[in-house]
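Undergrad: just the structure for this:
(one chain, ligands or ions: 1)
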Amino acid sequence: MAKIRLEDYKPIIRTQNFDEIQLLAEKVSGRQMKMVNSTAAGGGVAEILNRLVPLMNELGVHVRWEVIKGSGAFFGVTKAFHNAIHGQKVEITQQMLDIFKETQEANLADMKFDQDVVVIHDPQPVGLIEAKEKSHAKWVWRCHIDSSHPDERVWNFLKDYIVKYDASMFHTPWFAKQLPIPQYFIYPAIDPLSEKNRELTRSEIEAVLKKHKITNDKPIITQISRFDYLKDPVGVIAAYKIVKKSIDCQLILAGGAASDDPEGAQVLAEVLKASEGDKDIHILNLPPFSDFDINALQRASVVVVQKSLREGFGLTVSEALWKAKPVVASAVGGITLQVIHNVTGMLVHSVEGCAYQIRYLLNNPKIAKQMGIYAREHVREKFLMTRLLRNYLLLILTLHHPKEDVIQI
Ligand code: UDP
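TA: Numbers count the residues shown, from 1 in each chain. Sure, this is the predicted structure:
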């Protein structure tokens, strides 16, 4: 992993926040932590860990990141769980639950937990909690999904594991559950210095457009997302087609696969079919770690779209807002923390609404530009990696002072 230095963030964040991170880091320096999730690339969790883990190590917290192993059948099961927690109706069979349990056991046999804190991300590795008895660690389950209206059967199955943790962590109080363990509410974050978000020159942006055979002669509308039904890429095409009737524009749908998401190929096939016959729709199936390209595509856009049907947080929204792009996005899950309607972008509820707001922003460039300025400041205030880092350092401290209202540091 790339070396990251806290110093480099100094010009971007407030001095007070920078000092606070240093103070907290001193207090928890030397602690050992393990993070576990289900994919090293693709999707928001991997995106965050790729930057958070080296940053914490740089500050003296020894963090080890491990990825569980699983078969295609296992990831089919966990994708169904994912959709079920998002509130979709899915069929869950006993065989699926058995596959889930077997994979937990296989991974448990391969892993050691001799750290002070273990953070398990999302449902895929939730069963690793069975190792808690043999470890001295504090265990935290981190949920990245909108769990406000989960399918009861799936939630109850997972809850049997979750209640064994020392604490849980959700994006916002909207996702809170009835649990006998403490719940912490922590927003995700983007890294302003990563290859995905760092400043780019005009020529760097143009080189990426050229590489993907896109000319910059018509306004670009973009959605970056894994090819997943819940990201509604076909709905984005439908909205674009309405806009296209009155404004000559182009659409980029750029995404890729995540190794823990088996639905991607099918969704991509549907997207390709929906875009047939329009040379102004660019479907880019990107390889993992296409961060530089994604950065450039977001920056080349006039409007960025995130038309998700459900969304835990939607890092792609903050990524675009940070690049001073107004975002037209569905009013679902964590998106509504990021898009303040009429201020940092537009919240929508339908294909037609999405088309209407894209057209409005394309027709009103001054308003779009002003929104972009507010958008960047909103992300600076709330959704940068340094804030998440501060939260994690505080979490470590808190976990080791249970039931104390005041912690003297
Ligand atoms: N992403 C990527 N390549 C892709 C698609 C997405 O690197 O082909 C990144 C995207 O830029 C963002 C993350 O993956 O940083 C997706 O996080 P988000 O929270 O938006 O959605 P998730 O995929 O976790 O549901």
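Undergrad: and the helix or strand hosting L347, what does it pack onto?
TA: Using DSSP states H and E, L347 falls within strand 345-348. Under the contact criterion of 3 or more C-beta pairs under 8 Å, 6 or more residues apart in numbering; DSSP states H and E, strand 345-348 touches strand 327-330, helix 335-338, helix 351-363. C-beta here means a position set from N, CA and C on the backbone, and glycine is covered the same way.
Undergrad: just say which of these is most tucked in.
TA: strand 327-330 (a mean of 28; mean count of other C-beta atoms under 10 Å).
Undergrad: packing partners of that one?
TA: strand 303-306, helix 315-322, helix 335-338, strand 345-348, helix 351-363.
Undergrad: distance to F170 and mean pLDDT added to these, as a markdown table?
TA: Shown next, in a markdown table, are the helices and strands packed on strand 327-330 (distance: least, C-beta to C-beta, whole Å; pLDDT from 0 to 100):
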| stretch | distance to F170 | mean pLDDT |
| --- | --- | --- |
| strand 303-306 | 20 | 98 |
| helix 315-322 | 16 | 98 |
| helix 335-338 | 12 | 98 |
| strand 345-348 | 21 | 98 |
| helix 351-363 | 27 | 98 |
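Undergrad: please name whichever of the helices and strands packed on strand 345-348 is nearest to the ligand.
TA: Closest of the helices and strands packed on strand 345-348 to the ligand is helix 335-338, at 9.4 Å (criterion: C-beta to the nearest ligand atom).
Undergrad: what comes up buried for stretch 41-55?
TA: Neighbour counts using 16 or more other C-beta atoms under 10 Å place 41-55 of stretch 41-55 among the buried residues.
Undergrad: and which of the residues you listed is nearest to the ligand?
TA: For those, the nearest to the ligand is G44 (2.9 Å; C-beta to the nearest ligand atom).
Undergrad: burial measure for the residue nearest to the closest one when sequence neighbours are not counted, as a count.
TA: Nearest non-adjacent residue to G44, counting by C-beta to C-beta, 6 or more residues apart in numbering: L315, 4.5 Å away. The tally of other residues near L315 (other C-beta atoms under 10 Å) stands at 26.
Undergrad: use 168 as the first number from now on
TA: Noted, 168 is the first residue going forward, which turns the last one into L482.
Undergrad: right, and L482 touches Y354 too?
TA: No. If you go by C-beta atoms under 8 Å, L482 and Y354 don't touch, sitting 10.4 Å apart.
Undergrad: other SSEs contacting the helix or strand harbouring D186?
TA: D186 is located in helix 182-195, with elements delineated by DSSP H and E. Counting by 3+ C-beta pairs under 8 Å, 6+ apart, the packing neighbours recorded for helix 182-195 are helix 552-566.
Undergrad: how close does the residue nearest to E486 when sequence neighbours are not counted sit to the ligand?
TA: Distances taken as C-beta to C-beta, 6+ apart place I357 nearest to E486, at 5.5 Å, with adjacent residues excluded. Using C-beta to the nearest ligand atom, to the nearest Å, I357 is found at 7 Å from the ligand.
Undergrad: how about the residues of the stretch 168-317 of the chain that lie near the ligand?
TA: G210, G211, E214 (C-beta under 6 Å from any ligand atom).
Undergrad: so the last one lies in a strand, does it not?
TA: This means E214. No. Counting by DSSP: H, G, I helix; E, B strand; the rest coil, E214 is not found in a strand; it is helix.
Undergrad: quick one: contacts for the closest residue to K301 other than its chain neighbours?
TA: For K301, ignoring the flanking residues on the chain, the nearest one in space by C-beta to C-beta, 6+ apart is F280 at 7.5 Å. Taking C-beta atoms under 8 Å, 6 or more residues apart in numbering, we find F280 in contact with K201, L295, A298, K299, K301, S302, A304.
Undergrad: neighbours of the second one, how many?
TA: Each residue near L295 was counted by other C-beta under 10 Å, and the total is 23.
Undergrad: quick one: it and N204 touch, right?
TA: No. The pair L295 / N204 is not scored as a contact, 10.9 Å apart, by C-beta under 8 Å.
Undergrad: shared neighbours, those two?
TA: I235, I287.
Undergrad: what's the closest non-adjacent residue to A487?
TA: Nearest in space to A487, with sequence neighbours left out and distances taken as C-beta to C-beta, 6+ apart, is V471 at 3.6 Å.
Undergrad: need the contact list for that neighbour.
TA: I388, T389, Q390, I391, Q465, T483, V484, A487, K492, P493, V494, V495.
Undergrad: for the fifth one, grab phi and psi.
TA: Which is Q465. The phi and psi values for Q465, taken as degrees, to the nearest 10, are phi -60, psi -40.
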